[in-house]
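J.: sequence first, then the predicted structure:
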Amino acid sequence: MMKEDLIELSKIKYGLFSVDEWKLILAGIVTKKLDEFKLEDASKEEMRRKVSELLNKLVSDFEVRYREKKSQQLLGFIEGGLVSMMGAFEQIKEDIPELTEQILDFMNDPENKATLRRYLITKYVDRTSASIDYSMHDYIISHYDFMDRADAICGLNEKLDSLDHERRPYTISLLVLAALAMLYTLFIKGLSKTEYLILTLVSLFLLLTGLLLPMIELDARISAMSFTLFGEPVNFQDQVLYYRSKSILEVVRLLLTQGSFDLLAVGVLIFTFSVLFPLSKLIATMLYFYFPHRRSNRLIQFTVFKTGKWSMADVMVIAIFMAFIGFSGIITEQLTQVENITPNIDILTTNMSCLRIGFFAFTAFAVLSLLIAHRLQYEMKNGLNGERINKVVP
């Protein structure tokens, strides 16, 4: 559940595809650019020249239009002549350098920059909106008592690392138990009914573990994406594109409830070869041990000794699971094309899919149950079971 919560907060809809995230980025860029804007030395001299040229042009154009308008009337002609005699336009042109300095000082004024920044952010950034459901996002942050999403992601990663560290001894113990059971089945001669019972119970434990715990974790994400926007670097980290962590039983339930015939057929096949066959084999083995008069039953004999060749169906189950991972290559290829089209974008995708404990437990069950069946068949065929296999359990 904690991993699911972490994945929810890391989804791309809250990062690269989030309008709110882009608003923060753009607001930061606007603020930084305006704060960095300062006319000095060569840039100030160049700006002074351009402002001065602009003011001279504006005054000259206005003078031309003024004279043309006044020349069309007698009083206007006289007024224009008086203006020329007084040298009003020449006086304005003489004051242009001073006006230029005032404009440059206005542009460098921190208060004016702050006013412009607020205007740009209010006018263009704040008015940008999109509908994003933050209910689950906010619930997770409040549930774990974090300040914000970044704090929650960091904190959940630390908690998961701690849980993985605590879980590791149990995982190792499970695999050691499976290995010891296999070695015991292979090398100990003349197994008794009690020993067969214990090995069968170990197989049942491995089967249940393999069925109930996640087998494969599908995790495709953009681990890093960086580009330059208005001269400023923009980075996105760990943008989750797709995540699923399902056990065999969860996948079967999902397939059976989709309503599609093809998915229903796949669900039935997985359930048959991964649940019904293994359980029936364990039950038949127990009946074979404790009910000698049932050993001649063809169904029990078939289930115990002849279903070994059906174990290859387990490979089909794993192949079906692995087929779900293939999509990550498509995602990587498509994002690489985007990277090639725009050279300023660097995209690093990663497929963090991995095998989970359910896979190893299920595989260990398949191997151990096959060894038990072959060992039992070998002893019965060669008469090595004798009194031990028929001995009453103490």
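T.: Nice, I can see it.

J.: can you tell me the average pLDDT over stretch 212-231?
T.: Per-residue pLDDT values across stretch 212-231 average out to 80.

J.: distance between stretch 195-210 and the chain's centre?
T.: 36 Å (CA atoms, centre = their mean, to the nearest Å).

J.: buried residues in it?
T.: Using 16 or more other CB atoms under 10 Å as the test for burial, stretch 195-210 gives 196-197, 199-200, 202-210. Where you see a C-beta, it was placed from the backbone N, CA and C, and this is true even at glycine.

J.: what's the first helix or strand after the one helix or strand Leu160 maps to?
T.: Leu160 is part of helix 149-187 when elements are defined by DSSP states H and E. Sequence order places helix 193-212 as the next helix or strand after helix 149-187, per DSSP H and E.

J.: neighbouring contacts of that following helix?
T.: 174, 177-178, 181, 184-185, 188, 191, 247-249, 274-275, 278-279, 282, 285-286, 289-290, 357-359, 361-365, 368-369, 372, 376, 388-394 (CB atoms under 8 Å, 6 or more residues apart in numbering).

J.: tell me the angle of it relative to helix 149-187?
T.: Calculated by axes from the mean of the first three to the mean of the last three CA atoms, to 10 degrees, helix 193-212 forms an angle of 150 degrees with helix 149-187.

J.: which helices and strands does the helix holding Leu160 pack with?
T.: helix 2-10, helix 135-143, helix 193-212, helix 357-382 (3 or more CB pairs under 8 Å, 6 or more residues apart in numbering; DSSP states H and E).

J.: what angle do that helix and helix 357-382 make?
T.: Using the same axes, to 10 degrees, helix 149-187 lies at 10 degrees relative to helix 357-382.

J.: list the buried residues in helix 149-187.
T.: 149, 152-153, 155-156, 174, 178, 181-182, 184-185.

J.: picking up where we left off before, among the contacts of helix 193-212, name the buried ones.
T.: 174, 178, 181, 184-185, 191, 247-249, 274, 278, 282, 285-286, 289, 357-359, 361-365, 368-369, 372, 376, 388-389.

J.: in JSON lines: the buried residues of helix 149-187, plus pLDDT.
T.: Formatted as JSON lines, the buried residues of helix 149-187 follow (pLDDT from 0 to 100):
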{"residue": "Arg149", "pLDDT": "89"}
{"residue": "Ala152", "pLDDT": "93"}
{"residue": "Ile153", "pLDDT": "92"}
{"residue": "Gly155", "pLDDT": "94"}
{"residue": "Leu156", "pLDDT": "94"}
{"residue": "Leu174", "pLDDT": "93"}
{"residue": "Ala178", "pLDDT": "94"}
{"residue": "Ala181", "pLDDT": "94"}
{"residue": "Met182", "pLDDT": "93"}
{"residue": "Tyr184", "pLDDT": "92"}
{"residue": "Thr185", "pLDDT": "90"}
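
J.: out of the residues you listed, which comes closest to Ile300?
T.: Thr185 (20.1 Å; CB to CB).

J.: distance of the nearest residue to that closest one once chain neighbours are set aside from Leu183?
T.: Spatial nearest neighbour of Thr185, chain neighbours left out: Leu371 (4.5 Å); criterion: CB to CB, 6 or more residues apart in numbering. Per CB to CB, to the nearest Å, Leu371 is found 10 Å from Leu183.

J.: what's the answer for Phe106, then?
T.: 86 Å.

J.: next one: Leu191
T.: 13 Å.

J.: got it, and Lys281?
T.: From Lys281 to Leu183 the distance is 21 Å (CB to CB).

J.: how about Met147?
T.: Taking CB to CB, one finds Met147 at 52 Å from Leu183.

J.: same check, this time on Lys13
T.: 50 Å.

J.: now the buried residues of stretch 195-210 as TSV including distance to Tyr139?
T.: Listed next are the buried residues of stretch 195-210 as TSV, based on distance: CB to CB, whole Å:
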residue	distance to Tyr139
Tyr196	51
Leu197	48
Leu199	47
Thr200	45
Val202	41
Ser203	41
Leu204	39
Phe205	36
Leu206	37
Leu207	36
Leu208	32
Thr209	31
Gly210	32
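
J.: and which of those is nearest Lys57?
T.: Once CB to CB is applied, the member of those that ends up nearest Lys57 is Gly210, at 82.1 Å.

J.: was I right to think the residue nearest to Thr185 contacts Phe187?
T.: No. Judged on CB atoms under 8 Å, Leu371 makes no contact with Phe187 at a distance of 10.8 Å.

J.: what's the pLDDT at the residue nearest the centre of the chain?
T.: Central residue of the chain (CA atoms, centre = their mean): Val240, 1.5 Å from the mean position. pLDDT recorded at Val240 is 85.

J.: then Asn297?
T.: 81.

J.: now it: how far from Ser223?
T.: For Asn297 relative to Ser223 (CB to CB), the value is 57 Å.

J.: figure out which of the helices and strands packed on helix 149-187 is closest to Leu218.
T.: helix 2-10 (10.8 Å).

J.: output the closest one in PDB with nothing but the alpha carbons.
T.: C-alpha atoms of helix 2-10 as PDB (Å, rounded to 0.1, in the frame of the first residue of the first chain):
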ATOM      1  CA  MET A   2       2.900   2.400   0.800                       C
ATOM      2  CA  LYS A   3       4.400   1.600  -2.600                       C
ATOM      3  CA  GLU A   4       1.100   2.300  -4.300                       C
ATOM      4  CA  ASP A   5       0.900   5.700  -2.500                       C
ATOM      5  CA  LEU A   6       4.400   6.600  -3.500                       C
ATOM      6  CA  ILE A   7       3.700   5.700  -7.200                       C
ATOM      7  CA  GLU A   8       0.500   7.800  -7.100                       C
ATOM      8  CA  LEU A   9       2.500  10.900  -6.000                       C
ATOM      9  CA  SER A  10       5.200  10.200  -8.600                       C
END
